[in-house]
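Enquirer: Pasting a predicted model and its sequence here:
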Amino acid sequence: MASLFLVHGGLWDSMDAEHFWRTPGIVAGLESHGITVLTPDRPRFPNGWDQEVDELGALLPSEPVTVVGASNGCTVAARLALAYPEVVERLVLAWPATGGDTLVDIRTQTGLLDRGASATVVKGLLGAETLRGVKDSELASLRFPVAVLPSVPENPSHQRKTVDALLTLIPGSRELPGCPEPPTPDFPPHRDDFVATLASFVN
């Protein structure tokens with residue numbers, strides 16, 4: 001039976017797996033396809049990406065799994081794939097958060113500082129080439145099936161240029177049909193198509 005390990009979005013905020021994956025009906029939809037779904041909560045106030053990878057890496061199953069990262073969770077998903085190549089057999093980068101964009105970073109930095117993150121933590125979290133917290137050379141080293149799912153329509157935090165850059169960087173990667181990201185109000189009409197897309201990729 002195929003397994004999915006879903007890494008939700010958010011960054012130093014109240015977002016969790018329940019709100020991102022379960023409430024919108026994504027988990028139930030995937031399970032209806034016979035897929036085993038794991039939905040760990042990311043650390044709410046991490047001191048850096050290493051903490052996230054360490055904590056979620058300890059929750060990976062021993063059997064091969066497809067990891068799906070959402071928004072800022074794409075950083076964690078990509079780093080899990082790099083750190084645990086013996087377990088992660090496929091990777092989906094869904095609605096990847098745009099890194100290295102001055103205007104986006106200024107807005108994000110303000111929000112992080114307002115929520116209590118230190119300047120050192122903010123600098124570490126926002127440091128980016130294409131994805132925050134992952135070097136382009138590391139992404140280019142991935143050698144298993146990788147798919148990128150864009151935000152449609154794009155928005156300042158999830159820009160099309162990030163999707164195009166990832167597809168160029170990662171050998172053999174392919175684009176999946178895009179949609180708005182959960183848990184936004186625009187997502188529900190796209191839920192079934194999104195679930196079917198993931199089910200097709202993992203199988």
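Expert: Yep, that arrived.
Enquirer: Name the residues of stretch 163-173 that are buried.
Expert: 163, 165, 166, 167, 169, 170, 173 (16 or more other Cβ atoms under 10 Å). To be clear about C-beta, it is placed using only N, CA and C from the backbone, and glycine gets the same treatment.
Enquirer: do stretch 55-71 as well
Expert: 56, 60, 65, 66, 67, 68, 69, 70, 71.
Enquirer: now, among those, which is nearest to residue 44?
Expert: Of all those, the one sitting nearest residue 44 is residue 56; the distance, using Cβ to Cβ, is 13.0 Å.
Enquirer: contacting residues around that closest one?
Expert: 7, 40, 42, 76, 80 (Cβ atoms under 8 Å, 6 or more residues apart in numbering).
Enquirer: out of these, who has the most neighbours?
Expert: Each of the contacts of residue 56 was scored for neighbours by other Cβ atoms under 10 Å, and residue 7 scores highest at 30 neighbours.
Enquirer: what's the closest non-adjacent residue to it?
Expert: Excluding the flanking residues, the one nearest residue 7 by Cβ to Cβ, 6 or more residues apart in numbering is residue 73, at 3.8 Å.
Enquirer: From residue 32, how far off is the one you found?
Expert: Residue 73 is 23 Å from residue 32, where distance means Cβ to Cβ, to the nearest Å.
Enquirer: Then residue 109?
Expert: 41 Å.
Enquirer: who has more neighbours, the two?
Expert: residue 109 (16 against 11).
Enquirer: per-residue confidence at that one?
Expert: Note on residue 109: pLDDT of 97.
Enquirer: now swap in the one 5 residues further on and tell me
Expert: On the pLDDT scale, residue 114 is placed at 97.
Enquirer: Kindly report the same for residue 22.
Expert: Looking at residue 22, the pLDDT reads 99.
Enquirer: Also residue 151?
Expert: At residue 151, pLDDT is 99.
Enquirer: Please state the backbone phi and psi of the residue nearest to it when sequence neighbours are not counted?
Expert: Closest residue to residue 151 apart from its sequence neighbours, by Cβ to Cβ, 6+ apart: residue 158 at 3.6 Å. Note on residue 158: backbone dihedrals following degrees, to the nearest 10 are phi -130, psi 80.
Enquirer: just residue 106 next, same as before
Expert: phi -60, psi -50.
Enquirer: what's the spacing between it and residue 180?
Expert: 24 Å.
Enquirer: These two: who's more crowded?
Expert: Per other Cβ under 10 Å, whichever of residue 106 and residue 180 has more neighbours is residue 180, with 19 against 11.
Enquirer: List the contacts of the more buried one.
Expert: 151, 152, 153, 186, 187, 190 are the contacts of residue 180 under Cβ under 8 Å, 6+ apart.
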